[in-house]
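*Asks:* okay, here's the prediction I keep looking at, along with the sequence it came from:
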Amino acid sequence: MIVSDNIEIQNIKFCNKLLQVCLEKDIPCVAYQMPGESTITTLIQYKRAPRRLISSNDLTEAKGFVIAPFDPNESCSSILLEPDYIHSGNCPVEEIIELLQKYFPEPEKETTPHAIHQATLAEFTAQVEAIKQTISEGLINKVVLSRIRVDRCSEGVDLVPLFDSLCQSYPGAFVYLLRIPGVGCWMGASPEPLLLVEGDLAKTTSIAGTQVMGNSSLSEVVWKAKELDEQEIVTGYIETVLRTFGVTAFEKSGPDSYRAANLVHLRTQFDFDASLIKPVLGEFVDALQPTPSVGGLPKTEAKNLLLSVEKHNREYYSGFLGPVNLEDKTALFVNLRCMKVVKEGFALFGGAGITKGSVARREWDETTQKIMTLSTFVTSVKKSLKSYEFSKTGN
């Protein structure tokens, strides 16, 4: 046990050194910890810039780390980091750090930072009622309304210890820290797998419904009709997508209660033959995302309504990210419980599923609980004189 602990500590120290150099020198990088694992993997691209993915076929053939937005467009597109260096485990990092110290990034194109809109409770309530009206007209079944809250940090926060804290506190989540030109600097602890592929096995998950986890055990959690309806909508959608791609022999388990930090959700998992979707990986992901757990149903109508109702830009929140086709594995997660580093501090995102039975104040409180998942860590990490400059990440 002592030997194992020492190896894990060494892995963290090496990862921290790499991240610190990459953040200081604006080198495209991502570090992540897979659910249920303690090893941190760091991908660095320094020989050329990460590239934009244009079509679903690009994702099928991609090899690296992808991050995709909720609404792909000219100003916010899917980006692939193709690593020139991969660090995992306790391999020494002195040589690569010496090489990276000689790195001089190309100046990024000047962009005008957009104002971050933070909805008030009154505005959020009006949005909920507008969505419920559309639902009552029979046009839409469910819409996931989101909002942003900016936690201001006048002196900045050292991102590396914050990332370490997230990894240690959320071992069941996909925890990451990335910095990519054109994308910015993002951090998160996603509880929701979108698609996991390893060898001949593929998995996808339906997660919906939210409660604050109290002192009760998971077996004692009671779900109301509104949450059960949400889960049924998401699960039914995923089943339809699977059958569309010829996946009829899948193993379905759930729904069961699933804990993610201080919250508990309803979860249903699907296991199926990966060979059916590997040749069309990009198309399959396009069909899944955004799922009703982050957008709504019907997919297109719900997304269009969100784009007209929400006054903020989701950017990469509720999109997806993760390693793709690395060592014959793909692990894509929905980008939830995340935040973007901005000039003022941290922009934190949270959403809630709106159905015909929604009560605006309860949905507002749900978004607050989700935002607090990361906000508590921002306030707990000590200020550092060597903190990463927020001004470098506001693109």
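*Replies:* On my side now, so go ahead.

*Asks:* relative to residue 360, how far out is residue 116?
*Replies:* 22 Å (CB to CB, to the nearest Å). Quick note: C-beta positions are derived from backbone N, CA and C, even for glycine.

*Asks:* give me the more crowded residue out of these two.
*Replies:* Ranked by neighbour count (other CB atoms under 10 Å), residue 116 and residue 360 place residue 360 first, with 20 against 16.

*Asks:* give me phi/psi at the more buried one?
*Replies:* Backbone geometry at residue 360, expressed as degrees, to the nearest 10, gives phi -50, psi -50.

*Asks:* isn't it up against residue 124?
*Replies:* Yes - assessed by CB atoms under 8 Å, residue 360 is found in contact with residue 124 at 6.7 Å.

*Asks:* name the SS class of residue 178, please.
*Replies:* Assigned with DSSP: H, G, I helix; E, B strand; the rest coil, residue 178 falls in the strand class.

*Asks:* that one: neighbour count?
*Replies:* 23.

*Asks:* what do you get for the one 4 residues further on?
*Replies:* One way to gauge burial is a neighbour count; for residue 182, by other CB under 10 Å, it gives 16.

*Asks:* packing partners for whichever helix or strand residue 202 is part of?
*Replies:* Secondary structure assignment for residue 202, by DSSP states H and E: strand 201-212. Strand 201-212 sits against strand 193-198, helix 225-244, strand 251-260, strand 263-273, strand 345-354, helix 360-380, with contacts defined as 3 or more CB pairs under 8 Å, 6 or more residues apart in numbering; DSSP states H and E.

*Asks:* try 10 Å this time
*Replies:* Secondary-structure packing of strand 201-212 (3 or more CB pairs under 10 Å, 6 or more residues apart in numbering; DSSP states H and E): strand 193-198, helix 225-244, strand 251-260, strand 263-273, helix 281-288, strand 329-334, strand 345-354, helix 360-380.

*Asks:* any regions of the protein where pLDDT drops low?
*Replies:* 1-11, 105-113, 154-156, 381-395 (pLDDT under 70).

*Asks:* rewinding a little: in the strand holding residue 202, which residues are buried?
*Replies:* 202, 203, 204, 205, 206, 207, 208, 209, 210, 211 (16 or more other CB atoms under 10 Å).

*Asks:* before we move on, what about stretch 90-105?
*Replies:* Residues 90, 93, 96, 100 are the ones in stretch 90-105 that count as buried (16+ other CB under 10 Å).

*Asks:* you'd agree the first one is up against residue 14?
*Replies:* Yes - counting by CB atoms under 10 Å, residue 90 touches residue 14, with 6.4 Å between them.

*Asks:* intersection of neighbour lists for residue 360 and residue 124?
*Replies:* Shared contacts of residue 360 and residue 124 (CB atoms under 10 Å, 6 or more residues apart in numbering): 145, 352.

*Asks:* picking up where we left off before, let me have the buried residues of strand 201-212 in JSON lines, adding distance to residue 138 as columns.
*Replies:* JSON lines is the format used below for the buried residues of strand 201-212 (distance: CB to CB, whole Å):
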{"residue": "202", "distance to residue 138": "35"}
{"residue": "203", "distance to residue 138": "34"}
{"residue": "204", "distance to residue 138": "28"}
{"residue": "205", "distance to residue 138": "29"}
{"residue": "206", "distance to residue 138": "24"}
{"residue": "207", "distance to residue 138": "26"}
{"residue": "208", "distance to residue 138": "21"}
{"residue": "209", "distance to residue 138": "23"}
{"residue": "210", "distance to residue 138": "26"}
{"residue": "211", "distance to residue 138": "29"}
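
*Asks:* if I pick the residue lying closest to residue 368 once chain neighbours are set aside, what's in contact with it?
*Replies:* Nearest residue to residue 368, sequence neighbours excluded (CB to CB, 6 or more residues apart in numbering): residue 350, at 7.0 Å. Applying CB under 10 Å, 6+ apart, we find residue 350 in contact with 145-149, 210, 317, 336-339, 364, 366-375.

*Asks:* from these, list just the buried residues.
*Replies:* Judged by 16+ other CB under 10 Å, buried ones among the contacts of residue 350: 145-149, 210, 317, 336-339, 364, 366-367, 369-375.

*Asks:* so which elements touch the strand or helix carrying residue 143?
*Replies:* Assigned by DSSP H and E, residue 143 belongs to strand 142-152. Applying 3+ CB pairs under 10 Å, 6+ apart, one finds that strand 142-152 makes contact with helix 121-136, helix 225-244, strand 296-297, helix 299-309, strand 338-342, strand 345-354, helix 360-380.

*Asks:* make CSV out of these and add distance to residue 164.
*Replies:* Listed next are the helices and strands packed on strand 142-152 as CSV, based on distance: least, CB to CB, whole Å:
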stretch, distance to residue 164
helix 121-136, 33
helix 225-244, 32
strand 296-297, 36
helix 299-309, 34
strand 338-342, 16
strand 345-354, 17
helix 360-380, 10
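
*Asks:* nearest to residue 194, of these?
*Replies:* helix 225-244 (10.2 Å; CB to CB).

*Asks:* chain center to the closest one: distance?
*Replies:* 20 Å (CA atoms, centre = their mean, to the nearest Å).

*Asks:* what of stretch 294-306?
*Replies:* 19 Å.

*Asks:* okay, buried residues for that stretch please.
*Replies:* 294, 295, 296, 297, 299, 301, 302, 303, 305, 306.

*Asks:* mind listing what's buried along stretch 241-258?
*Replies:* In stretch 241-258, counting by 16+ other CB under 10 Å, buried: 241, 242, 247, 250, 254, 255, 257, 258.

*Asks:* farthest-separated two in the residues you listed?
*Replies:* Largest pairwise distance in the buried residues of stretch 241-258, by CB to CB, is 26.0 Å, between 247 and 257.

*Asks:* picking up where we left off before, in JSON lines, list the helices and strands packed on strand 201-212 along with distance to residue 45.
*Replies:* Output for the helices and strands packed on strand 201-212, formatted as JSON lines (distance: least, CB to CB, whole Å):
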{"stretch": "strand 193-198", "distance to residue 45": "22"}
{"stretch": "helix 225-244", "distance to residue 45": "32"}
{"stretch": "strand 251-260", "distance to residue 45": "30"}
{"stretch": "strand 263-273", "distance to residue 45": "32"}
{"stretch": "helix 281-288", "distance to residue 45": "21"}
{"stretch": "strand 329-334", "distance to residue 45": "18"}
{"stretch": "strand 345-354", "distance to residue 45": "25"}
{"stretch": "helix 360-380", "distance to residue 45": "26"}
